[in-house]
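Chemist: everything below, folded, please.
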Amino acid sequence: MKKILLAVDGSDHSAKVLETAIEYARLMGAMILFVYCHEKFPAILGEPYRNREIVKILDESEKVVTPFLQRLAVENIPFEDRIMEEPAAKRITDIAEIEKCDLIVMGSRGLSNLASLVVGSVTHRVLQTAPCSVLVVR
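Modeler: Residues are numbered from 1 along each chain as shown. This next block holds a predicted model:
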């Protein structure tokens, strides 16, 4: 079975990326591997503050991904999800390689403040390190 890795960051643009991935999945008869990378868990906070921050990050991640996963379920396209910790570019390319994905679909820009003028920093890194083709949605 062919696999499309769908990478979203929760930005407004992610909805367009989702629709593009759904269209390609239908055309290819592929399943979607949904990937969302949340911020890093705090390393220097002591207990119970660290656990509270982790719960907060996971709750926020759940709020971001739920609409995407509901949309995929409605479309009746086979999918799996991976909620990972940053760095996003590294996680996306690692998952694409491990899962033997045929295509990565992601946005040209996201939520990062470090976005370059031409393409987002995460997208730029994925384009350079991906083990498969990358479709960048504008």
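
Chemist: output the lowest-mean-pLDDT helix or strand in the chain as PDB, restricted to C-alpha atoms.
Modeler: Across the helices and strands of the chain, the lowest-confidence element by mean pLDDT, DSSP states H and E is helix 121-129, at a mean of 94. The C-alpha trace of helix 121-129 is given here as PDB (Å, rounded to 0.1, in the frame of the first residue of the first chain):
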ATOM      1  CA  SER A 121      12.400  26.600   7.800                       C
ATOM      2  CA  VAL A 122      10.900  23.200   8.500                       C
ATOM      3  CA  THR A 123       9.800  22.800   4.900                       C
ATOM      4  CA  HIS A 124      13.200  23.800   3.700                       C
ATOM      5  CA  ARG A 125      14.900  21.300   5.900                       C
ATOM      6  CA  VAL A 126      12.500  18.500   4.900                       C
ATOM      7  CA  LEU A 127      13.100  19.300   1.200                       C
ATOM      8  CA  GLN A 128      16.800  18.800   1.700                       C
ATOM      9  CA  THR A 129      16.700  15.600   3.800                       C
END
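
Chemist: give me the low-pLDDT residue ranges for the protein?
Modeler: 1, 109-119 (pLDDT under 70).

Chemist: longest helix in it, please.
Modeler: Scanning the chain for the longest helix, with DSSP state H as the assignment, gives helix 49-75.

Chemist: returning to that earlier point: tell me the angle of the following helix or strand past the least confident helix or strand of the chain relative to helix 121-129?
Modeler: Note on helix 121-129: by DSSP states H and E, the next helix or strand toward the C-terminus is strand 133-137. Using axes from the mean of the first three to the mean of the last three Cα atoms, to 10 degrees, the direction of strand 133-137 lies 160 degrees away from that of helix 121-129.
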